[in-house]
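Q: Sequence plus the predicted model coming up.
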Amino acid sequence: MSAVLLPAASASAAPQPRSVDGETAKAFSRIADALLTERTEMLVDGRSARHSAPKADRNVRLSTNLAKNEDSALFSLRTRKDRLASLGEVYTSADTKVSTDKVQVKNGRAMVLVTEVTTFTYKKVRGDEPTTTGFRAHHELNFTAANGGKWELTGIRPTDSGPRPVNQPATKPAATPVTSPQEAKPASIDRPWRPSQPKTSTTYDYKAMAAYAEKYWSNYNPAYRKFNDVGGDCTNFISQALKAGGWKPAPGATESNRSWWYDSTNQSTSWVGANEWSWYAMQSKRVTSLDNVYDLGIGDILQMDFDGDGSKDHSMITTYKSRSGVPYLTYHSTNTFRKSVASIIASYPDSVYYAYRT
């Protein structure tokens, strides 16, 4: 990795690093890998991470405050692992790999952008779980130059929109109230005593929807634009999958809740917006509300309102369902493969959920 060079500071300013060498950049990546791997390991059955976050790597270390924050994060993840186990979700192994996308140095501070790829292996608690679940996530790390040529990691934050990965400690989002012209009914998150009835509708090709989502959950279909940097790609992704399974375009004005379409230059707001998709799907009667998230079948959609303000924040599609009745969701932003609804609820027990039969 080449050094990152910036213009020299003014003569009156205190000397500050203007670049990092290749070894320091690698150390940035290693400490990010160690920190994220430790979070992952906390969720694996029979394993326990250290009681403190990784302290140092070469000339890079965690700041005192961040080390304390990571201790709290690991404790919260240990609690999450227990909650997942109570819901029948256990991981036997995991693998986290971190790669560095960008290093930028200015005025004694370094911003490092990294990509995390994590895969968990499911324990066969019921015997019908899929083999693995995984996600690709992006993080921004902030380092500050310290004495003696050392660097301190002072902050780490996710840069993806959508639900946090299962190994990401919780943060409370800001509320942004919204009113809906065509409201879906919130779904219960309580696990029913008996599995729901199998999905029997033959209106669409639900296997094709699931196959599409599982093909492009990580590698994007080049035939479509990405919306990660303009609010998130989750609803664009489910719209693509629904189209692959037989949903026909509904032409009309871009902002109309009665239109749903995509072309080479534009798209309806209902194609990319979570609330707008719900309003369109409900008024067009292409979907109906489900009473319980465990009623979701292959090709059905789950949406989340993270803070209960009435605004739907995220969309996912069901691509697998176990024999015992647990739906598994695949989605973009953060790009995730076959995450169980139990895992999502364990991470977001206070969110409002909307389940749709397609």
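A: Yes, it's here. What you are looking at is a predicted structure, and each value in this text was computed from that prediction instead of being measured.
Q: so where does residue 354 fall, helix or strand?
A: For residue 354, the host element (DSSP states H and E) is strand 352-357.
Q: where along this protein do the helices fall?
A: For the chain, the helices defined by DSSP state H cover 22-41, 64-86, 206-216, 234-244, 269-272, 274-283, 341-347.
Q: my read: residue 274 touches residue 313, true?
A: Yes. The pair residue 274 / residue 313 is scored as a contact, 6.3 Å apart, by CB atoms under 8 Å. C-beta: built from backbone N, CA, C; applies to glycine.
Q: Need the residues touching each of those two.
A: Common neighbours of residue 274 and residue 313, using CB atoms under 8 Å, 6 or more residues apart in numbering, are residue 303.
Q: Now do residue 159: how many residues are near it, please.
A: 14 (other CB atoms under 10 Å).
Q: Also residue 350?
A: 10.
Q: quick one: it and residue 306, what's the gap?
A: 9 Å (CB to CB, to the nearest Å).
Q: now do residue 162
A: Taking CB to CB, one finds residue 162 at 9 Å from residue 306.
Q: With neighbour numbers in mind, choose between these two.
A: residue 162 (24 against 21).
Q: Could I get the contacting residues of the more buried one?
A: 232, 234, 313-314, 331-334.
Q: In strands only, show me these.
A: 314, 331 (DSSP state E).
Q: ok, so of the contacts of residue 162, who is nearest residue 73?
A: residue 334 (17.0 Å; CB to CB).
Q: Now for the closest one, how many residues are close by?
A: 24.
Q: residues contacting it?
A: With contact taken as CB under 8 Å, 6+ apart, residue 334 is in contact with 135-138, 158, 160, 162-165.
Q: tally of neighbours for residue 217?
A: 22.
Q: how close does it sit to residue 210?
A: 11 Å.
Q: Overlap of the contact sets of the two?
A: residue 330.
Q: before we move on, the earlier item: tell me how far the strand holding residue 354 lies from the chain's centre.
A: The chain centroid and the centroid of strand 352-357 are separated by 18 Å, computed with CA atoms, centre = their mean, to the nearest Å.
Q: Likewise for stretch 119-137?
A: With CA atoms, centre = their mean, you get 16 Å for stretch 119-137.
Q: Provide the contact partners of it at residue level.
A: 40, 43-45, 88-95, 115-118, 158, 160, 165-166, 168, 218, 320, 322-324, 326, 328, 334-340, 343.
Q: Likewise for stretch 31-40?
A: Here stretch 31-40 has contacts from 49-50, 53-54, 56-57, 60-62, 70, 73-74, 77, 94-98, 100, 112, 114, 116, 118, 120, 139, 141, 153, 156, 167-169, using CB under 8 Å, 6+ apart.
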